[in-house]
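S.K.: Need a 3D model of the following:
(4 chains)
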2 protein chains.
Amino acid sequence: MSDSVGLRERKKAATRAALSAAANRLAIEHGVDHVTVEAIAAAADVSPRTFHNYFSSREEAIVAGVVDWANALTDKLRDRPADEPIWDALLAVLLDSVDDRPEAKARWKAQSEMIMANPSVVASQLAALDGMRRRVAEVVAERTGTDPDRDLYPRLTGGSAAQALKAALDLWISGKTDRGIKELIVEAFELLRAGLPEPSQSR
Amino acid sequence: MSDSVGLRERKKAATRAALSAAANRLAIEHGVDHVTVEAIAAAADVSPRTFHNYFSSREEAIVAGVVDWANALTDKLRDRPADEPIWDALLAVLLDSVDDRPEAKARWKAQSEMIMANPSVVASQLAALDGMRRRVAEVVAERTGTDPDRDLYPRLTGGSAAQALKAALDLWISGKTDRGIKELIVEAFELLRAGLPEPSQSR
DNA sequence: ATCAAATCTTGCAGAAGCCGAAAACATTCG
DNA sequence: CGAATGTTTTCGGCTTCTGCAAGATTTGAT
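M.R.: Predicted coordinates for the structure are as follows:
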């Protein structure tokens, strides 16, 4: 049936989604500094106090979409065949998760500009990326038989993959390249897997 | 003479240092949530309003020491001989900058626990690390003849080096290993330079 | 040494964030 | 239905952060 998860849970999820969507949209439209919790709550039709039952800060609500995206990504990573080489699995999941259409690029760009304009939102976005790093490290540890608490390998693999994604996205969004996002991610992964060799300075 | 940099500048630097030291110390002693701007300002003998002339948030003051440390690190990187391979320069600077004595470890540990207990301070610390990443990327670009705005290479190298430092420090502080911090950093760099090969699962 | 300009500190006032407690409301399940 | 449980709201209070203007300090020129 449709209510395998009960009305209550569905309403909570809906409220949370409405709040984060409103926060993100209003921040992009008017700038982070001109959006109050009161306005976000009003847009989602709840009281300001309810906003703080879901998110402990404005920043958290604004980047909630990114967090959800990253969580979905690690879930997909868990679904990959266990015998697939870890880097292949990581690359496949990333390529599958990014949207390379021009509209998506425009959305990312608008969101990115909004985020960059406010240091505390930048910090929250980095926290979201670090959450992804940690979750990826856990999956990497599971799949490679390493220990996320005692080995450097899963930590570094998660961290490097996160940095690869960030580097590729930042460059793509900046408009300083003609290459597509998927192409950039592939290149970033190739660089990592090659051990980031120093380019020969032909000067 | 001693006043090659004017009384005014020296006083400002002293006030800034006193504020960040007080913020850090009080946060470790009483927990971030129990330290008010008022208390920090009182400990540094200035008014609360003056605190906000130096730092735009409590978190910023608490992690200011880390930011300064990271800035010193990139300055040292610039001082390395230009023909030294970039990874050698990075490793040398990191090993030179970390303090591996037991007292230092205890300090790092106390500070780390304080930071972890508060999400917004965690976010600020990650922002500091990202600042280091960006600065390292700039130096890497200078030294390798690449473009920090158009090439993935410096972005990834800076990001990976930052993650290597973070992974090594986190593991060291966690107490889950007997190895020293310098040893861990060396190992992290070796893993990166080898392209993070998947460990063979001998299970 | 004195004065004027530049800079820094401070107090004040106000907008907004954040959180605890308790009342009001909604849903679940017996 | 009705009790138990979970969610939203109202309210009060404290803290953060910022703009502004007045007062204090430093600087550099005369």
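S.K.: quick one: the strands in chain A?
M.R.: Residue ranges of strands cannot be listed for chain A, since DSSP state E assigns none.
S.K.: For it, what lies in contact range of DNA strand C?
M.R.: Along chain A, the residues adjacent to DNA strand C under the rule CB under 7 Å from any atom of the strand are A:3, A:6-9, A:11, A:36-38, A:48-49, A:52, A:56-58. All C-beta spots, glycine's among them, are computed from the backbone N, C-alpha and C.
S.K.: Using PyMOL, make a named selection holding only the buried ones among those residues.
M.R.: Selecting only the buried entries of those in PyMOL, with 16 or more other CB atoms under 10 Å in any protein chain shown as the criterion:
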select buried, chain A and resi 37+57+58
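S.K.: how close does the residue nearest to residue A:166 when sequence neighbours are not counted get to residue B:13?
M.R.: Leaving aside its sequence neighbours, residue A:166 sits nearest to residue A:129 (CB to CB, 6 or more residues apart in numbering or on different chains; 6.2 Å). Applying CB to CB, to the nearest Å, the value for residue A:129 to residue B:13 is 33 Å.
S.K.: same check, this time on residue A:169
M.R.: Spatial separation of residue A:169 from residue B:13 under the definition CB to CB is 37 Å.
S.K.: more neighbours, the two?
M.R.: Per other CB atoms under 10 Å in any protein chain shown, whichever of residue A:169 and residue B:13 has more neighbours is residue A:169, with 18 against 11.
S.K.: Give me the buried positions along the top helix by length along chain A.
M.R.: Secondary structure of chain A per DSSP state H: the longest helix is helix A:119-144. By neighbour count with 16+ other CB under 10 Å, helix A:119-144 contains the buried residues A:119-141, A:143-144.
S.K.: got it, and stretch A:64-83?
M.R.: When burial is assessed from 16+ other CB under 10 Å, stretch A:64-83 yields the following buried residues: A:64, A:65, A:66, A:67, A:70, A:73, A:74, A:76, A:77, A:80.
S.K.: Any part of the longest helix of chain A near DNA strand D?
M.R.: No. Shown here: helix A:119-144 not in contact with DNA strand D (CB under 7 Å from any atom of the strand), separated by at least 7.7 Å.
S.K.: and the angle from that helix to helix B:119-144?
M.R.: Between the axis of helix A:119-144 and that of helix B:119-144 there is an angle of 80 degrees, by axes from the mean of the first three to the mean of the last three CA atoms, to 10 degrees.
S.K.: counting contacts, what elements does helix A:119-144 pack onto?
M.R.: helix A:58-62, helix A:64-79, helix A:86-97, helix A:102-116, helix A:152-174, helix B:119-144 (3 or more CB pairs under 8 Å, 6 or more residues apart in numbering or on different chains; DSSP states H and E).
S.K.: got JSON lines for the buried residues of stretch A:64-83, with distance to chain B and pLDDT too?
M.R.: Shown next, in JSON lines, are these (distance: CB to the nearest CB, whole Å; pLDDT from 0 to 100):
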{"residue": "A:64", "distance to chain B": "13", "pLDDT": "98"}
{"residue": "A:65", "distance to chain B": "17", "pLDDT": "97"}
{"residue": "A:66", "distance to chain B": "13", "pLDDT": "97"}
{"residue": "A:67", "distance to chain B": "12", "pLDDT": "97"}
{"residue": "A:70", "distance to chain B": "14", "pLDDT": "97"}
{"residue": "A:73", "distance to chain B": "18", "pLDDT": "98"}
{"residue": "A:74", "distance to chain B": "17", "pLDDT": "97"}
{"residue": "A:76", "distance to chain B": "19", "pLDDT": "98"}
{"residue": "A:77", "distance to chain B": "14", "pLDDT": "98"}
{"residue": "A:80", "distance to chain B": "13", "pLDDT": "97"}
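S.K.: Closest one of these to residue A:179?
M.R.: Distance to residue A:179, by CB to CB, is smallest for residue A:73 among these, at 21.5 Å.
S.K.: dump the residue contacts of the spatially closest residue to residue A:15 that is not a sequence neighbour.
M.R.: Setting aside the residues directly before and after it, residue A:15 is nearest to residue A:46 in space (CB to CB, 6+ apart), at 6.3 Å. Residue A:46 makes contact with A:15, A:18, A:19, according to CB atoms under 8 Å, 6 or more residues apart in numbering or on different chains.
S.K.: DNA strand D versus residue A:46, what's the distance?
M.R.: 3 Å (CB to the nearest atom of the strand, to the nearest Å).
S.K.: what pLDDT does that residue get?
M.R.: With respect to pLDDT, residue A:46 scores 98.
S.K.: quick one: the residue in chain A positioned nearest to DNA strand C and residue A:134, what's the gap?
M.R.: Of the residues in chain A, the one nearest DNA strand C is residue A:8, at a distance of 2.9 Å by CB to the nearest atom of the strand. Using CB to CB, one obtains 30 Å as the distance from residue A:8 to residue A:134.
S.K.: again with residue A:100
M.R.: Here the distance between residue A:100 and residue A:134 works out to 26 Å (CB to CB).
S.K.: Ok, residue A:163 next?
M.R.: Residue A:163 sits 14 Å away from residue A:134, going by CB to CB.
S.K.: Next: residue A:113.
M.R.: Separation of residue A:113 from residue A:134 (CB to CB): 27 Å.
S.K.: How about residue A:37?
M.R.: With distances taken as CB to CB, residue A:37 is found 28 Å from residue A:134.
S.K.: Could you do residue A:12 as well?
M.R.: Computed as CB to CB, the residue A:12 to residue A:134 distance reads 25 Å.
S.K.: And residue A:19, by the same measure?
M.R.: Residue A:19 sits at a distance of 24 Å from residue A:134 (criterion: CB to CB).
S.K.: What of residue A:158?
M.R.: Plainly put, residue A:158 is 7 Å away from residue A:134 if you go by CB to CB.
S.K.: what about residue A:197, how many neighbours?
M.R.: For residue A:197, the count of nearby residues is 13 (other CB under 10 Å).
S.K.: what's the answer for residue A:91, then?
M.R.: Other residues near residue A:91 come to 20 when the count uses other CB under 10 Å.
S.K.: Contacts only, for the closest residue to it other than its chain neighbours.
M.R.: Nearest residue to residue A:91, sequence neighbours excluded (CB to CB, 6+ apart): residue A:189, at 5.2 Å. With CB under 8 Å, 6+ apart as the criterion, the residues that contact residue A:189 are A:87, A:90, A:91, A:164.
S.K.: Sounds good, over and out.
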